[in-house]
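Undergrad: Mind folding the following:
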Amino acid sequence: MEATLEVVKRDSRGKNEARRLRAAGRIPGVVYGARRGAKAPGGVPVAVDPKAVLRILHSESGANTLITLKLDGAESRVMVKEYQLDPTTHKLLHADFYELAMDRAITVTVPVVVRGEPKGVKQQGGLLDFVTRDVQVQCLPADIPEHIAIDVTELMLHQAVRLRDLPENPKWKPLNDPDTMIVHVVLPKAEEVPAATPEAEAAAAATAAPAEPEVIKKGKVEKEGEDAPKK
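TA: Okay, here's the model as predicted:
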């Protein structure tokens, strides 16, 4: 997915400036990369519409969205570098962007998507265990995949798909260990019954034996034939 975002350069920084921007419906941000130049080694401070940024972050490609950034009448390609949310309201408080060289490969994290229902689940009563849900890949900015899809329909019980099993794609290269487990079909976990110890067996046998009547002592027992003490 691609998106367009307009930002305005701001000349001041600090908490007061951030509060003023938020009161006006914008948030502070910084653009890092080619634009910074010698005059702005820490990046170019900008003001941006938080709703527009949230729409990008909530899209299918999320933070991997390729953005056409409009600033001072010029355009550049950027991606979201970092962003900050209010822990209580979850409102966007700050967003940083970095410019991309479209002919230079970058490293991004891409979600894995599972397609189909395994035969090992339908026919053999297994469970699909989704082990690795994100994979790091290297690619050009224009070739970032929105996701990596895996068809698990033919998976039987105890079979798995590892990263090395994925078909090669000329546009991107996975960086994780090739042996990384993506998904596998496993047996449902049965409740384990602890093995009986000799003490437990003895206690069970004692419980099973007929219990003798309990003797309750209520003081001195009078012998047969003895007279009761006179009052």
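
Undergrad: Tell me the backbone dihedrals of the residue nearest the centre of the chain, please.
TA: Nearest to the geometric centre of the chain sits Arg133, at 7.7 Å (C-alpha atoms, centre = their mean). Per-residue torsions, Arg133: phi -100, psi -10 (degrees, to the nearest 10).

Undergrad: swap in the one 3 residues further on?
TA: Main-chain torsions, Gln136, degrees, to the nearest 10: phi -80, psi 130.

Undergrad: Next: Glu154.
TA: Here is the backbone geometry of Glu154 (degrees, to the nearest 10): phi -90, psi 0.

Undergrad: Counting neighbours, what do you get for Asp177?
TA: Neighbours of Asp177 under the rule other C-beta atoms under 10 Å: 10. Glycine gets a C-beta too; all of them are placed from N, C-alpha and C.

Undergrad: Look up the closest residue to it, ignoring the ones flanking it.
TA: Nearest non-adjacent residue to Asp177, counting by C-beta to C-beta, 6 or more residues apart in numbering: Leu163, 7.0 Å away.

Undergrad: So the one you found sits against Val183, correct?
TA: No - applying C-beta atoms under 8 Å as the test, Leu163 and Val183 come out as separate, 11.0 Å apart.

Undergrad: Name the strands paired with the longest strand along the chain and say parallel or antiparallel.
TA: Counting residues, the longest strand found in the chain (DSSP state E) is strand 74-85. Strand 74-85 pairs in its sheet with strand 66-71 (antiparallel), strand 92-99 (antiparallel), by DSSP bridges.

Undergrad: Would you mind checking the average pLDDT for the longest one?
TA: So that's strand 92-99. Here strand 92-99 scores 95 as its mean pLDDT.
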